[in-house]
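>>> Sequence and predicted structure are below.
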Amino acid sequence: MRLGILTQPLHTNYGGLLQAFALQKYLRDELEHDVLTVDYTRKPKAWLAPYRVARRCVAKFLKRRKIALFPTPISQGVGKFTQRFIDENIRTTKKIFAPARELDFAEYGFEAFFVGSDQTWRPAYSPYMPTFFFDFLGEDKKTRRIAYASSFGKDEWEFSPEMTKICAPLAKKFHAISVREDSGISLCEKYLGVNAEHVIDPPMLLSQEDYCAVVERDEARGFLEKRVPAKRLFAYVLDEAPEKKVLIASVAESLGLELDEIMPKREELASGAKAYLPVSAWLRGFRDAGFVVTDSFHGCVFSIIFNKNFIAIGNALRGMSRFHSLLKMFGLGNRLLILDENLNVRDRIPELLSENIDWEKINAIRSHEQARARQFLGNALKR
């Protein structure tokens, strides 16, 4: 079948890019379908340009921040390496701006549309929510509508009453719905009036070898500087905070590991001094890690995929239900730390560093969930 995947805009988020890569690769290579990911994004608003320049002037000259007044396009600047990953690994449609229309897809002949994964059903993150419920299909009853591991991001309902009224009838037109968090099942039932299944995130459909192949290919082509293999503490932190730095330093010291950090500082990105490193560099961080500390949902996902002992730092701003659901599925809830001013971050470190995860058990759970996901996808695509 000809399949289209609708997900969050493809920019610089490593986890977002790899979930898009994984679902497309699985549907193409394992289930043998012809797949394109929709290059969907917000339409640029010309009237915002002067405002953004003025805001940057205030930051640069009054607040003395090192930022560029006129930043280069993402594909040429901070995102030039992640854009290369997209260009080489994710087949996409032409660029389609929100809100999508039926006419935008006329040339592709899609027989089914997928929405997911990532936080595609979180209003704050998604450009024009009804598009993520396929409103552009209108009364079309032939094209299959499927949600795979779509996520609300949080366990409370964030849709406005008006948006709920629009999306609930659209959800009822789906042929199959699955969600990434177990809390999404009750949200679908309570607010959209539909049943949903709980499935694993797309990256977990693939193997370690699939991701190592990405690393090895970039090393062979010289896109990644080769380094001496060594166990490192891989720290993947999205939101900087002093208490996280304390935790990371303590773990590195306790384990005697060299620190390996992937994320450039915000000011380095804003000034154009640095770009996001290649996706292959991010994957290599997990491959070579002796231990992982992360505040990222996908940081946890890839720690599990690569069988690396890890500490997860709860990130309430980006949604805690994702952490709780994932870690509960694998019996790893004890790996989660919630940092606040009342918690001494050193208290639980000895326990977490000394406890080795039973990877044989974890991999068995993952194999079981992969089989369930395959069954869901097979049933969803039956004509």
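That came through fine.

>>> for the strand or helix carrying C212, packing partners?
Here C212, judged by DSSP states H and E, is contained in helix 208-220. Contact here means 3 or more C-beta pairs under 8 Å, 6 or more residues apart in numbering; DSSP states H and E; on that basis helix 208-220 packs against helix 14-25, helix 279-287, helix 297-305. Backbone N, C-alpha and C define where each C-beta goes, glycine included.

>>> contact partners of the next helix or strand after it?
Counting by DSSP H and E, the next helix or strand C-terminal to helix 208-220 is strand 232-236. With contact meaning C-beta atoms under 8 Å, 6 or more residues apart in numbering, strand 232-236 is reached by 248, 251-252, 255, 257-263, 282, 285-286, 288-296, 299, 308.

>>> of these, buried ones?
248, 251-252, 255, 257, 260, 262-263, 282, 285-286, 288-296, 299, 308 (16 or more other C-beta atoms under 10 Å).

>>> Now, those residues that are in helices?
I248, V251, A252, L255, W282, G285, F286, G299 (DSSP state H).

>>> Now for the closest residue to the fifth one other than its chain neighbours: which residues touch it?
By the measure of C-beta to C-beta, 6 or more residues apart in numbering, the closest residue to W282 outside its immediate chain neighbours is Y14, 4.6 Å from it. Taking C-beta under 8 Å, 6+ apart as the criterion, Y14 is in contact with T82, Y276, V279, W282, H298.

>>> quick one: contacts for the last one?
The reference is to H298. By C-beta under 8 Å, 6+ apart, the neighbours of H298 are Y14, G15, G16, L18, Q19, D201, P203.

>>> And those, which two are furthest apart?
Y14 and D201 (13.3 Å; C-beta to C-beta).

>>> OK, contacts around K95?
Contacts of K95 (C-beta under 8 Å, 6+ apart): D39, T41.

>>> still on that earlier bit, with respect to V38, which of the contacts of Y14 is nearest?
The closest of the contacts of Y14, once distances to V38 are taken by C-beta to C-beta, is T82, at 17.8 Å.

>>> Distance from stretch 85-103 to the middle of the chain?
17 Å (C-alpha atoms, centre = their mean, to the nearest Å).

>>> First-to-last residue distance for stretch 89-108?
This stretch, stretch 89-108, spans 19 Å end to end (C-alpha to C-alpha, to the nearest Å).

>>> tell me the mean pLDDT for that stretch?
Stretch 89-108 comes out with an average pLDDT of 96.

>>> on that earlier part again, hmm, who's touching the helix holding C212?
So helix 208-220 is contacted by 18, 22, 25, 89, 224, 226, 278-281, 283-284, 286-287, 302, 305-307 (C-beta under 8 Å, 6+ apart).

>>> right, and P99 touches F136 too?
Yes. Counting by C-beta atoms under 8 Å, F136 is a contact partner of P99 at 7.4 Å.

>>> So for the two, which residue has more residues nearby?
Between P99 and F136, F136 has the larger neighbour count (other C-beta atoms under 10 Å), namely 18 against 15.

>>> Now do the same for the more buried one: its pLDDT.
97.

>>> got it, and P71?
pLDDT at P71 comes out at 63.

>>> how about the strands in the stretch 101-250 of the chain?
For the stretch 101-250 of the chain, applying DSSP state E, counting those that start in this stretch gives strands covering 112-115, 144-150, 176-179, 197-198, 232-236.

>>> Remind me what the second one packs against, helices and strands.
Applying 3+ C-beta pairs under 8 Å, 6+ apart, one finds that strand 144-150 contacts strand 112-115, strand 176-179, helix 359-380.

>>> Keeping just the C-alphas, turn the second one into PDB.
Output of strand 176-179 as PDB, limited to C-alpha atoms (Å, rounded to 0.1, in the frame of the first residue of the first chain):
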ATOM      1  CA  ALA A 176      -7.400   1.900  14.300                       C
ATOM      2  CA  ILE A 177      -6.000   4.000  17.200                       C
ATOM      3  CA  SER A 178      -3.000   3.300  19.400                       C
ATOM      4  CA  VAL A 179      -1.300   5.600  21.800                       C
END
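
>>> where does the stretch 51-200 of the chain have low pLDDT?
51-53, 56, 58-60, 63-76 (pLDDT under 70).

>>> Skipping adjacent residues, who's closest to I313 in space?
Nearest one to I313, counting by C-beta to C-beta, 6+ apart, is D295 at 4.0 Å.

>>> For that neighbour, give me its contacts.
Y236, V237, L238, D239, K244, A312, I313, G314, N315.

>>> just the contacts of Y14 now: which is nearest F132?
H298 (19.5 Å).

>>> Tell me the confidence at the closest one?
Confidence for H298, expressed as pLDDT, is 96.

>>> And it, how close does it get to F114?
The gap separating H298 from F114 is 19 Å, by C-beta to C-beta, to the nearest Å.

>>> helix, strand or coil for T37?
strand (DSSP: H, G, I helix; E, B strand; the rest coil).

>>> what's near enough to touch it?
Contacts of T37 by C-beta under 8 Å, 6+ apart are G4, I5, T7, L10, A20, Q24, I90, R91, T92, T93.

>>> which one among the contacts of D295 gets closest to K382?
A312 (37.1 Å).

>>> So the closest one sits against V301, correct?
No. At 10.4 Å, A312 does not count as touching V301 under the criterion of C-beta under 8 Å.

>>> Buried residues of stretch 147-157, list them for me.
A147, Y148, A149, S150, S151, F152, G153, K154, D155.
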